[in-house]
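Visitor: predicted model, plus sequence, below.
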There are 2 protein chains.
Amino acid sequence: MIPTITAFEQSPDRGQGLARDMPVRWALEEVGQPYHVRLVSFSAMKETAHRALQPFGQIPTYEEGDLTLFESGAIVFHIAEHHAGLLPNDANDRARAITWMFAALSTVEPVIVQREISMYLERDKVWHEERLLIVEDRIRSRLDDLSAWLGDREWLDGAFSAGDLLMVKVLRRLGGSGILDNYPNLTAYAARGEARPAFKRAFDAQLAVFTGKSSSQLQ
Amino acid sequence: MIPTITAFEQSPDRGQGLARDMPVRWALEEVGQPYHVRLVSFSAMKETAHRALQPFGQIPTYEEGDLTLFESGAIVFHIAEHHAGLLPNDANDRARAITWMFAALSTVEPVIVQREISMYLERDKVWHEERLLIVEDRIRSRLDDLSAWLGDREWLDGAFSAGDLLMVKVLRRLGGSGILDNYPNLTAYAARGEARPAFKRAFDAQLAVFTGKSSSQLQ
């Protein structure tokens, strides 16, 4: 059965692939699962029909027969659980990969999202610059730890996993901030993620929505 | 094999059970799994030995034979996967419960943590009050959605699950803020979680660390 995901009808990041449909597309591409995309407008996202699928009025959702999921982390996990390639077979290695999924979304992403909120919603405040410094210090604290852990590893814990997929997508949100430049191993790690053929296919598919070149809903 | 978790040697919340060892204790109690606790000081948490277990220098960790995990969400999931009682047997129901685990940690908790950061670290700023209002608006936006979804349901999606466990622990972080008072169904939902015998046992165990009445490390 071919699942259907939702994505923004109008890309808020102008095709940079930072929205939360991107990790889901990437995961589907990694495992070779075709998918349909239903584009949703910002206003339709907040309406009852969409909220029945996504209580917080966001994207993505994932529909597969009578199963409806939301939360990009949960969707990536569902894909990883039902296809080979995103979670190790060894039970302990698998549990470690899942740990890194939660670390990406629960420990690293929130401090990065704070910077985006600060840039978009608090830019007109007289205290914007002062607070931005605080926020960026918190980001660096997390990146210091992550960089120390990564060292010269290729991926976070053994082979590429759903944990790396989510961590790379989180680090990509720092693109353009210059913050990642001080961490050569994290920069190289994110680049390794972006160099994966599945990432490129997912990126091109979401870019095509922005450029209007999406000729088919089946990717 | 009896697992060992780590917890704060000195409770930063004076025994309110808001630290991240609490959901792990709660999950272990729900499934009837005894556990050892190793208490860690704030300084020891930042040292190399602990960072080898927890790269971000935090608690909890989970050690079971040659498996070491961190991230409370991942540990709760590991416990739920290996014992009955925290995830439904039906595959679709199980995927939905996992969705709510991610929703608790990735969508609801970050906005609540922002309020704590604002209260503890930005209280001396002249812009503290102005920013606190913004932060609390964001929290209410999430709670509006969560409350609308919950309606008169007992739990988020069918029977009590690891998704509820994590959502209740996240909502408890609002205790004392008064924000939850405007959401009678969420208040009642959190109270139902706190009324579970397993919650009470976990709560008492972490409280005993604070009061110094913890007579044994095996709980």
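Guide: Structure received.
Visitor: contacts only, for the residue nearest to A:Pro110 when sequence neighbours are not counted.
Guide: The spatially closest residue to A:Pro110, leaving aside those adjacent along the chain, is B:Pro110, at 3.9 Å (CB to CB, 6 or more residues apart in numbering or on different chains). In this view, the C-beta of every residue, glycine as well, is placed from N, C-alpha and C. Contact criterion CB atoms under 8 Å, 6 or more residues apart in numbering or on different chains gives A:109-110, A:113 as the residues in contact with B:Pro110.
Visitor: same question, A:Leu18
Guide: In this structure, A:Leu18 makes contact with A:172-173, A:175, judged by CB under 8 Å, 6+ apart.
Visitor: neighbour-wise, which of those leads?
Guide: Taking other CB atoms under 10 Å in any protein chain shown as the neighbour criterion, A:Arg172 ranks highest of these with 20 neighbours.
Visitor: would you confirm that that residue contacts A:Ala191?
Guide: No - taking contact to mean CB atoms under 8 Å, the distance of 10.2 Å between A:Arg172 and A:Ala191 leaves them out of contact.
Visitor: how does chain A divide into domains?
Guide: Structural domains of chain A, as assigned by automatic domain parsing, span the residue ranges A:4-85+A:198-211, A:91-196.
Visitor: the residue sitting furthest away from the middle of chain A: what's its closest spatial neighbour, skipping adjacent residues?
Guide: Relative to the C-alpha centroid of chain A, counting by CA atoms, centre = their mean, A:Val126 is the outermost residue, at 31.6 Å. The spatial neighbour of A:Val126 that comes closest, neighbours along the chain excluded (CB to CB, 6+ apart), is B:Trp127 at 7.5 Å.
Visitor: and that neighbour, what pLDDT?
Guide: On pLDDT, B:Trp127 comes in at 93.
Visitor: burial of it, as a residue count?
Guide: Applying other CB under 10 Å, we find 16 residues neighbouring B:Trp127.
Visitor: was I right to think it contacts A:Arg131?
Guide: Yes - taking contacts as CB under 8 Å, B:Trp127 lies within contact range of A:Arg131: 7.4 Å.
Visitor: for the nearest residue to A:Leu150 once chain neighbours are set aside, give me its contacts.
Guide: Taking CB to CB, 6+ apart as the measure, A:Leu150 lies nearest to A:Asn185, with 5.3 Å between them; neighbours along the chain are not counted. Contact partners of A:Asn185, counting by CB under 8 Å, 6+ apart, are A:147, A:150-152.
Visitor: could you do A:Val24 as well?
Guide: For A:Val24, the contact set (CB under 8 Å, 6+ apart) comprises A:5, A:60, A:62, A:72, A:75-76, A:79.
Visitor: I'd say A:Phe8 and A:Ala19 touch.
Guide: Yes - with contact defined as CB under 8 Å, A:Phe8 reaches A:Ala19; the gap is 5.7 Å.
Visitor: for chain A, which helix is longest?
Guide: Looking across chain A with DSSP state H, the single longest helix is helix A:128-150.
Visitor: surely A:Ser214 forms part of a strand?
Guide: No - with DSSP: H, G, I helix; E, B strand; the rest coil as the criterion, A:Ser214 is coil rather than part of a strand.
Visitor: give me the element the residue lying closest to it once chain neighbours are set aside is part of.
Guide: The shortest distance from A:Ser214 to any residue that is not its chain neighbour, by CB to CB, 6+ apart, is 4.0 Å, and that residue is A:Ala208. In this assignment (DSSP states H and E), A:Ala208 forms part of helix A:197-211.
Visitor: gap between that helix and the chain center?
Guide: Using CA atoms, centre = their mean, to the nearest Å, the mean C-alpha position of helix A:197-211 is found 13 Å from that of the whole chain.
Visitor: now for the residue nearest to A:Glu122 when sequence neighbours are not counted, how many residues are close by?
Guide: Take A:Glu122 and drop its neighbours on the chain: the residue closest to it by CB to CB, 6+ apart is A:His128, 5.2 Å away. A:His128: 15 surrounding residues under other CB under 10 Å.
Visitor: my guess is A:Arg115 meets A:Leu132, correct?
Guide: Yes - taking CB under 8 Å as the contact criterion, A:Arg115 and A:Leu132 are neighbours in contact, 7.3 Å apart.
Visitor: confirm A:Arg123 sits in a strand?
Guide: No - when classified by three-state DSSP, A:Arg123 is found to be coil rather than part of a strand.
Visitor: and it, how many neighbours?
Guide: A:Arg123 is flanked by 10 other residues according to other CB under 10 Å.
Visitor: ok, now how distant is it from A:Leu132?
Guide: As for A:Arg123, its distance to A:Leu132 is 9 Å (criterion: CB to CB, to the nearest Å).
Visitor: please apply the same query to A:Ala195.
Guide: Taking CB to CB as the measure, A:Ala195 falls 31 Å from A:Leu132.
Visitor: higher neighbour count, these two?
Guide: Regarding A:Ala195 and A:Leu132, a neighbour count based on other CB under 10 Å identifies A:Leu132 as having more, with 16 against 9.
Visitor: list the contacts of that one.
Guide: Taking CB under 8 Å, 6+ apart as the contact definition, A:Leu132 lies against A:115, A:118-119.
Visitor: for A:Trp149, same thing?
Guide: Contacts were defined as CB under 8 Å, 6+ apart; by that measure A:Trp149 touches A:156, B:51, B:55.
Visitor: in helices, which of these fall?
Guide: Residues of the contacts of A:Trp149 located in helices (DSSP H): B:Arg51.
Visitor: in chain A, which spans are helices?
Guide: Taking DSSP H as the criterion, chain A carries its helices at A:21-31, A:42-45, A:48-51, A:72-82, A:91-102, A:109-121, A:128-150, A:162-172, A:184-194, A:197-211.
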